[in-house]
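>>> show me the folded form of this:
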Amino acid sequence: MLLNFVTWNVDPVFLHLGPLTIRWYGILWAAGIWFTLMIVQRLFKHESLPEAWLDKLFIYTVVGAILGARLGHCFFYEWQLLKEPVTILGITFEYGNHYLSHPWELLYIWRGGLASHGGAIGILIAMYFFNKNVSKRGYVWIFDRLVIGVAICGACIRLGNLMNSEIYGSATSLPWGFIFVRSGETQPMHPTQIYEIIYCLVTFVILWWLYWKKEAYKKNGLIFGVFLIGIFGSRFGLEFIKNNQEVFESNLSLNMGQILSLPFIIWGIWLIVRSLNQTIEKKSDIVIK
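Now for the predicted structure:
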């Protein structure tokens, strides 16, 4: 017999150590990074790539992802309605960003606030420097390997959102609706965190198949393009049933998540089209800028 809904009241804290708390969210972030590292390590070994690259890739990726996710949340989502509109050079601003006047609070990660789009942008910037300083194989080249692991990392992070009872969808009558007790909900809501876990895992399976069965890594940008469509295309559609994260989004035709997803979707389409028009090159000849 199916339940009419799921009552979700999970403690987001995994362990209390005096004043220190270890949260499921942090554990799952760490697990996602570890999975990414293990997957990319296997791909590097398969292609006989220098082992030293992996350690450097790990550092670049972690720093880029965490800094980007934090800054992305602060500047994409933390816009508050001003008590009094401000007019500058004839332009009236009704919303302001708290961190513009309190930049030191960008470091207060313990308050929460990490945005996946910001993390993606952070990784894009980090990989520019990784390619320039380390691999020198081409900017897109590294993403054809890295994103296979990132898809698993994305699933882990969304599981962390579920453990936090955050970033869920609108009300639903479907039997798998979740009542997020800790967020003060009294009716079933779409557990969009689970939906996102599913599309991350499906994307991973497709990318894994493309890499090992179709040797798609020999077509520069194909795996990365499929990743962008799979992750950000799914995210764009799912946003229609997700609650807005901030009040200012209610005045937008598309919410912030959809606006930020569009460039990645377009980029993914372009990469796939371009890669399918390439001829497969020998493994030793892949040096594409």
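
>>> helix, strand, or coil at residue 228?
Recorded secondary structure, residue 228: helix (DSSP: H, G, I helix; E, B strand; the rest coil).

>>> distance of it relative to residue 37?
Plainly put, residue 228 is 21 Å away from residue 37 if you go by CB to CB, to the nearest Å. To be clear about C-beta, it is placed using only N, CA and C from the backbone, and glycine gets the same treatment.

>>> between those two, which is the more surrounded one?
residue 228 (26 against 18; other CB atoms under 10 Å).

>>> how about residue 236: what's its closest non-neighbour residue?
Here the nearest residue to residue 236 in space, its sequence neighbours aside, is residue 261; by CB to CB, 6 or more residues apart in numbering that works out to 4.4 Å.

>>> how about the helix or strand harbouring the one you found as CSV, C-alpha atoms only?
Assigned by DSSP states H and E, residue 261 falls within helix 256-276. Written as CSV, here are the backbone C-alpha positions of helix 256-276 (Å, rounded to 0.1, in the frame of the first residue of the first chain):
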residue,chain,number,x,y,z
MET,A,256,17.3,32.9,-11.4
GLY,A,257,18.0,29.2,-11.7
GLN,A,258,16.5,29.2,-15.2
ILE,A,259,18.3,32.4,-16.3
LEU,A,260,21.6,31.1,-15.2
SER,A,261,21.0,27.7,-16.9
LEU,A,262,20.3,29.1,-20.4
PRO,A,263,23.9,30.0,-21.3
PHE,A,264,25.0,26.5,-20.3
ILE,A,265,22.3,24.9,-22.4
ILE,A,266,23.2,26.9,-25.4
TRP,A,267,26.9,26.1,-24.9
GLY,A,268,26.0,22.4,-24.6
ILE,A,269,24.1,22.4,-27.9
TRP,A,270,27.0,24.2,-29.7
LEU,A,271,29.5,21.8,-28.3
ILE,A,272,27.6,18.7,-29.4
VAL,A,273,27.0,20.1,-32.9
ARG,A,274,30.6,21.0,-33.3
SER,A,275,31.9,17.7,-31.9
LEU,A,276,29.7,15.6,-34.2
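
>>> if we go by neighbour counts, what in it is buried?
Within helix 256-276, the residues scored as buried using 16 or more other CB atoms under 10 Å are 256-261, 264-265, 267-268, 271-272, 275.

>>> do stretch 199-215 as well
By neighbour count with 16+ other CB under 10 Å, stretch 199-215 contains the buried residues 199, 200, 203, 204, 206, 207, 208, 210, 211.

>>> packing partners for the host helix or strand of the second one?
In this case it means residue 200. If you go by DSSP H and E, residue 200 is part of helix 192-213. Secondary-structure packing of helix 192-213 (3 or more CB pairs under 8 Å, 6 or more residues apart in numbering; DSSP states H and E): helix 139-163, helix 222-228, helix 234-238.
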